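Novice: just a sequence and a predicted model for now, questions to come.
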There are 2 protein chains.
Amino acid sequence: MSAAESPAAAPQTPWLTDDQQRIWRSWLSASSRVPARLGHQLQQDSGLSLQDYEVLVTLNEAPGGSCRITELATMLEWERSRMSHHLNRMDKRGLIRRYACPDDGRAQLVELTDNGHVALEKAAPGHVNAVRSVLFDALSDRDAAELGRITALIAAHLDNQSCTLSGKG
Amino acid sequence: MSAAESPAAAPQTPWLTDDQQRIWRSWLSASSRVPARLGHQLQQDSGLSLQDYEVLVTLNEAPGGSCRITELATMLEWERSRMSHHLNRMDKRGLIRRYACPDDGRAQLVELTDNGHVALEKAAPGHVNAVRSVLFDALSDRDAAELGRITALIAAHLDNQSCTLSGKG
DNA sequence: CAGACTTGAGTGACATGTCACCTGTTTACT
DNA sequence: AGTAAACAGGTGACATGTCACTCAAGTCTG
């Protein structure tokens, strides 16, 4: 539901083909609805947002149970200021804790609090079920594998072109 | 980067397999980065957000150039209050206009202003190029078709299970 | 070492999205 | 008609995300 892919064709602009439009809209629909559904489930069942959950998981999996804020932001593909704001909120709720990095006076390390661990462990089973229910139950193993392969291609392509994008492709 | 798909397996909870985790994370990464990239391009080049653009396109394609607010929200898969807030903002910027529906005293119709049409026509070529550059340039025709087929399956699956989701899948 | 530059983190203002709730209209049922 | 339910839309409070900016600590270079 996003791209004006053909409002009275302009001179040099090749619009998307009908097929491409269909693909693009399916993608948009699925990629906005899946996280919406999962977010609702998580919020209902655990009082966590999908974002909270991502932070909890990433910290939980970090070697030593902690990592730098910038590192966390990189892993989550978030902007640093978003990370900072979100950690403030999670800090207030007692889910995470920050402390100075001994090796680098500029850096802060983040780790889960006990509350954070508990929240994650309570939320995880329901969330995993929801992921399966929303995504994997819809697909054969072969289709799921295809989806993984194709989304990996897209991600790799984004890495390559980095930020070289504006107007003309 | 989202799901804690195996923190010390709990009794009855089947976690995701390693393959499923990889698929899931590729999907998450691609589906969050694609709109981020497109949003930046659009904002830089046209001063429109991706959301503005979606509204403009949908209205532009609507038969008669106008439609009801709820109808618009349904097409965009947005909540109605989100629609309402966003239309307020776009109204203030002179992109859209609302007026009473003659057939139904409850309803409002929305349409593009001249400014809105101009903004869309200026933004469209760059956005289309960006979509192609970000998504279709990464994929063979066959892969793109596969992506369309699979995302359509996911969307259809979401339609079916509607909101029957909470905890156990 | 001084000064310029880079890096890690945070902040305030503002844009956007969600939730619970309100108002006015239409529809359905009796 | 009379009333309950459903519906269209809107609002305020609050959660979240972005942008431009600041500050402090490390790094590099003459």
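Specialist: That came in fine, so what should we check first?
Novice: tilt between the top helix by length along chain A and helix B:18-46?
Specialist: Using DSSP state H, we find that the single longest helix of chain A is helix A:18-46. Relative orientation of helix A:18-46 versus helix B:18-46 (axes from the mean of the first three to the mean of the last three C-alpha atoms, to 10 degrees): 110 degrees.
Novice: for helix A:18-46, buried residues please.
Specialist: Judged by neighbour count (16 or more other C-beta atoms under 10 Å in any protein chain shown), helix A:18-46 contains these buried residues: A:20-35, A:37-39, A:41-42, A:45-46. C-beta: built from backbone N, CA, C; applies to glycine.
Novice: got it, and stretch A:54-70?
Specialist: Those would be A:Glu54, A:Val55, A:Leu56, A:Val57, A:Thr58, A:Leu59, A:Asn60, A:Ala62, A:Ser66, A:Cys67, A:Arg68, A:Ile69, for stretch A:54-70 by 16+ other C-beta under 10 Å.
Novice: let's see which of those residues end up in strands.
Specialist: Counting by DSSP state E, the buried residues of stretch A:54-70 place A:Ser66, A:Cys67, A:Arg68 in strands.
Novice: let me see the contact set for A:His117.
Specialist: A:His117 sits next to A:Asn60 when contact means C-beta atoms under 8 Å, 6 or more residues apart in numbering or on different chains.
Novice: secondary structure element holding it?
Specialist: helix A:114-134 (DSSP states H and E).
Novice: so what's the gap between that helix and the chain middle?
Specialist: Put simply, helix A:114-134 sits 16 Å off its chain's centre (C-alpha atoms, centre = their mean, to the nearest Å).
Novice: from the ones in strands among the buried residues of stretch A:54-70, which single one is nearest DNA strand D?
Specialist: The nearest member of these to DNA strand D, counting by C-beta to the nearest atom of the strand, is A:Arg68 at 12.8 Å.
Novice: gap between A:Gln51 and chain B?
Specialist: Applying C-beta to the nearest C-beta, to the nearest Å, the value for A:Gln51 to chain B is 9 Å.
Novice: got any ranges where chain A has weak pLDDT?
Specialist: A:1-13, A:162-169 (pLDDT under 70).
Novice: give me the residue from it nearest DNA strand D.
Specialist: A:Gly105 (2.5 Å).
Novice: distance check, that residue against B:Arg80.
Specialist: 50 Å (C-beta to C-beta, to the nearest Å).
Novice: same thing with A:Ser32?
Specialist: On the measure of C-beta to C-beta, A:Ser32 and B:Arg80 end up 16 Å apart.
Novice: just A:Leu120 next, same as before
Specialist: A:Leu120 is 33 Å from B:Arg80, where distance means C-beta to C-beta.
Novice: between these two, who's got more neighbours?
Specialist: A:Leu120 (23 against 12; other C-beta atoms under 10 Å in any protein chain shown).
Novice: hmm, A:Gly65 and the more buried one touching each other?
Specialist: No - assessed by C-beta atoms under 8 Å, A:Leu120 is found out of contact with A:Gly65, at 11.7 Å.
Novice: may I see the buried residues of the host helix or strand of A:Arg89?
Specialist: In this structure, A:Arg89 sits in helix A:80-92 according to DSSP H and E. For helix A:80-92, burial by neighbour count (16+ other C-beta under 10 Å) applies to A:Met83, A:His86, A:Leu87, A:Met90.
Novice: does any bit of that helix sit next to DNA strand D?
Specialist: Yes - remark: helix A:80-92 sits within contact range of DNA strand D at A:Ser81, A:Arg82, A:His85, A:His86, A:Arg89, by C-beta under 7 Å from any atom of the strand.
Novice: closest to A:Leu158 among these?
Specialist: A:Leu158 has its nearest neighbour among those in A:Arg82, at 18.3 Å by C-beta to C-beta.
Novice: what sits against the closest residue to that closest one other than its chain neighbours?
Specialist: Spatial nearest neighbour of A:Arg82, chain neighbours left out: A:Ala73 (7.5 Å); criterion: C-beta to C-beta, 6 or more residues apart in numbering or on different chains. Taking C-beta under 8 Å, 6+ apart, we find A:Ala73 in contact with A:Glu79, A:Arg80, A:Arg82, A:Met83.
Novice: against B:Asp104, how distant is the second one?
Specialist: Separation of A:Arg80 from B:Asp104 (C-beta to C-beta): 48 Å.
Novice: residues in contact with A:Val55?
Specialist: Contacts of A:Val55 (C-beta under 8 Å, 6+ apart): A:Leu72, A:Leu76, A:His86, A:Leu87, A:Met90, A:Leu95, A:Ile96.
Novice: farthest pair in these?
Specialist: Across the contacts of A:Val55 (C-beta to C-beta), the longest gap, 15.0 Å, separates A:Leu76 and A:Leu95.
Novice: reformat the buried residues of stretch A:54-70 as JSON lines; add distance to DNA strand D.
Specialist: Formatted as JSON lines, these follow (distance: C-beta to the nearest atom of the strand, whole Å):
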{"residue": "A:Glu54", "distance to DNA strand D": "9"}
{"residue": "A:Val55", "distance to DNA strand D": "9"}
{"residue": "A:Leu56", "distance to DNA strand D": "12"}
{"residue": "A:Val57", "distance to DNA strand D": "15"}
{"residue": "A:Thr58", "distance to DNA strand D": "14"}
{"residue": "A:Leu59", "distance to DNA strand D": "15"}
{"residue": "A:Asn60", "distance to DNA strand D": "18"}
{"residue": "A:Ala62", "distance to DNA strand D": "19"}
{"residue": "A:Ser66", "distance to DNA strand D": "18"}
{"residue": "A:Cys67", "distance to DNA strand D": "18"}
{"residue": "A:Arg68", "distance to DNA strand D": "13"}
{"residue": "A:Ile69", "distance to DNA strand D": "13"}
